[in-house]
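Colleague: The amino acid sequence is not available; the structure is as follows:
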């Protein structure tokens, strides 16, 4: 038992060390870098994500599994996850670490703060989002606003906004039958 | 109870005019049917909304709530909430995000008790194809019916009342039944509208709608929280249009179209507050207004976030 534990520890240390060398090169030249201001003006109220919860916490399975950092097609679980997000030089561990989200700068944050993750690569959008321009706020126009987080609208793994069905078109004037009462 | 709750105010207005003329000619008695009671007289002599004092207003609202609730068989409240001081409402619509899904159109219909069968929609979503001369309202497609949106190479522009600071519709009204409130919302008094539709001709944005028939609203979908100048059920023969959801926004809430938009393309707030979203987008994004050359000075800003 202890041996197995040691083994996976060493494995993850080695893998982690190897891995650590990479993220830097993944920093996206095209995207504007965000100035990290500690007391940044972040929103306070959020609409929590509404996705399925069956995979949380991750550790409920992963504490029994050695980490396998090989980039591959997942078949035993997470089969619906398709990475289509700058996927050429990206893999799960760029964003995931145990029960936390991993930021490009190496920091770990909770799952209820995905915007910190997205914000590190999408600085301009992040700024607009904080101002309530990108994304959406609901509730009131005055006072504290309730923010949708990035992952309410974007699947982090495949973030392009999906097409949806439109509501029906209006009738042409000639098609309207007046209901007279 | 009064038998003519269904009677369009236009008809009552004509009665009123007849009455005023008649009074001079000594024919006062012919204006209202013989046997009209005090209640009818009260309705008939209702003052202009802006000229009523608190007590008069209260009485009128009580009568209207009674009438409307009876007519629709549902308890309906009619607010007269006034404009909030130091607030001028402005609207932003992000054309780089709108996907033309029309969720806003129908959220508005529901919230504002628009006629279903008669297709009174306060919002019209226009579609333009890449390369088309756009913002050309007359030559755009509003009946698009693709399976999925956004379509490749298309973009969408929802149009509704632009809440002009300098509204041509108000000038066109011969009855002073439409005016601009201190918070910038252009409103209509359905009890004063005579249905002449001059305002509809005057509006360069095609934003006003006419009730050719009594509104067709499923009783269980009728929104009972209404405002006198907003979503209370209309009469046959009156004009209506977007009021920035006056019944919501004067309570600090967002308009229904903003709440429903799945892509967050719609922004709303106080133009006088330098920290508002609307002011942020005005100073940080490319902004334009429709038919700016007409000097209508709309408070509806289209913008491009990217």
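Modeller: Received, thanks. Small disclaimer: the values here were computed from a predicted structure and weren't measured.
Colleague: For residue B:205, which non-adjacent residue is closest in space?
Modeller: Nearest residue to residue B:205 in three dimensions, chain neighbours excluded: residue B:162, at 5.3 Å (C-beta to C-beta, 6 or more residues apart in numbering or on different chains). C-betas here are computed from N, CA, C, even on glycine.
Colleague: give me the number of residues near the one you found?
Modeller: Using other C-beta atoms under 10 Å in any protein chain shown, residue B:162 has 24 neighbouring residues.
Colleague: any idea how far it lies from residue B:262?
Modeller: Going from residue B:162 to residue B:262 by C-beta to C-beta, to the nearest Å gives 23 Å.
Colleague: now residue A:128
Modeller: Residue A:128 sits 18 Å away from residue B:262, going by C-beta to C-beta.
Colleague: Looking at the two now, which is surrounded by more residues?
Modeller: residue A:128 (21 against 16).
Colleague: Would it be right to say that residue B:90 lies in a strand?
Modeller: Yes: Residue B:90 forms part of a strand when assessed by DSSP: H, G, I helix; E, B strand; the rest coil.
Colleague: partners of it in the sheet?
Modeller: residue B:269 (DSSP bridges).
Colleague: Report the distance from stretch B:278-289 to the chain centre.
Modeller: Centroid displacement of stretch B:278-289 relative to its chain, using C-alpha atoms, centre = their mean, to the nearest Å, is 25 Å.
Colleague: Correction: the previous question concerned stretch A:110-127.
Modeller: Between the centre of stretch A:110-127 and the centre of its host chain there is 8 Å, according to C-alpha atoms, centre = their mean.
Colleague: And stretch B:48-61, by the same measure?
Modeller: When distances are taken as C-alpha atoms, centre = their mean, stretch B:48-61 is centred 21 Å away from the chain's centroid.
Colleague: Going by neighbour count, which residues in it are buried?
Modeller: The neighbour-count check on stretch B:48-61 (16 or more other C-beta atoms under 10 Å in any protein chain shown) flags B:49, B:52, B:57, B:60-61 as buried.
Colleague: swap in stretch B:262-274?
Modeller: B:262-271, B:273.
Colleague: helix or strand for residue B:93, which one?
Modeller: According to DSSP states H and E, residue B:93 maps onto strand B:89-94.
Colleague: Quick one: mean pLDDT over that strand.
Modeller: Averaged over strand B:89-94, pLDDT sits at 98.
Colleague: Run the chain-centre distance for it.
Modeller: 16 Å.
Colleague: ok, then the element right after it?
Modeller: Following strand B:89-94 in sequence, per DSSP H and E, is helix B:103-111.
Colleague: Contacts for that following helix, please.
Modeller: Contacting residues not belonging to helix B:103-111 are listed as A:167, A:170, B:114, B:116, B:120-125, B:158, B:160, B:221, B:223, B:231, B:242, B:245, B:248, B:256-257, B:259-262, B:266 [C-beta atoms under 8 Å, 6 or more residues apart in numbering or on different chains].
Colleague: Nearest to chain A: which residue in chain B?
Modeller: Of all residues in chain B, residue B:264 sits closest to chain A, at 3.0 Å by C-beta to the nearest C-beta.
Colleague: OK, contacts around the residue nearest to that residue when sequence neighbours are not counted?
Modeller: Nearest non-adjacent residue to residue B:264, counting by C-beta to C-beta, 6+ apart: residue A:136, 3.0 Å away. Contacts for residue A:136 (C-beta under 8 Å, 6+ apart) come out as A:147-148, A:153, B:261, B:263-264.
Colleague: Please tell me how far residue A:136 sits from residue B:267.
Modeller: 9 Å.
Colleague: Equivalent analysis for residue B:107, please.
Modeller: Between residue B:107 and residue B:267 the computed distance is 16 Å (C-beta to C-beta).
Colleague: tell me, which helix in chain B spans the most residues?
Modeller: Using DSSP state H to define each element, chain B has its longest helix at helix B:54-72.
Colleague: Figure out how far that helix is from the centre of its chain.
Modeller: Centre-to-centre, helix B:54-72 and its host chain are 20 Å apart (C-alpha atoms, centre = their mean).
Colleague: What of stretch A:61-77?
Modeller: 19 Å.
Colleague: Okay, buried residues for it please.
Modeller: Result for stretch A:61-77 [16+ other C-beta under 10 Å]: buried residues residue A:67.
Colleague: For it, what is the spacing between the initial and final residues?
Modeller: Terminal residues of stretch A:61-77 lie 11 Å apart, using C-alpha to C-alpha, to the nearest Å.
Colleague: Which strand or helix spans residue A:112?
Modeller: For residue A:112, there is no enclosing helix or strand under DSSP H and E.
Colleague: For it, list the residues it contacts.
Modeller: When contacts are counted by C-beta under 8 Å, 6+ apart, residue A:112 is found next to A:46, A:48, A:149.
Colleague: What score does it have for pLDDT?
Modeller: Value for residue A:112, per-residue pLDDT: 92.
Colleague: Over to residue B:250?
Modeller: Residue B:250 is given a pLDDT of 98.
Colleague: ok so, going back, and which of the contacts of residue A:136 is nearest residue B:174?
Modeller: residue B:261 (36.9 Å; C-beta to C-beta).
Colleague: What backbone torsions are found at that closest one?
Modeller: Phi and psi for residue B:261, reported as degrees, to the nearest 10, are phi -60, psi 120.
Colleague: Pull the number of nearby residues for it.
Modeller: Neighbours of residue B:261 under the rule other C-beta under 10 Å: 24.
Colleague: Next up, the contacts around it.
Modeller: Residues counted as contacts of residue B:261 (C-beta under 8 Å, 6+ apart) are A:136, B:103-104.
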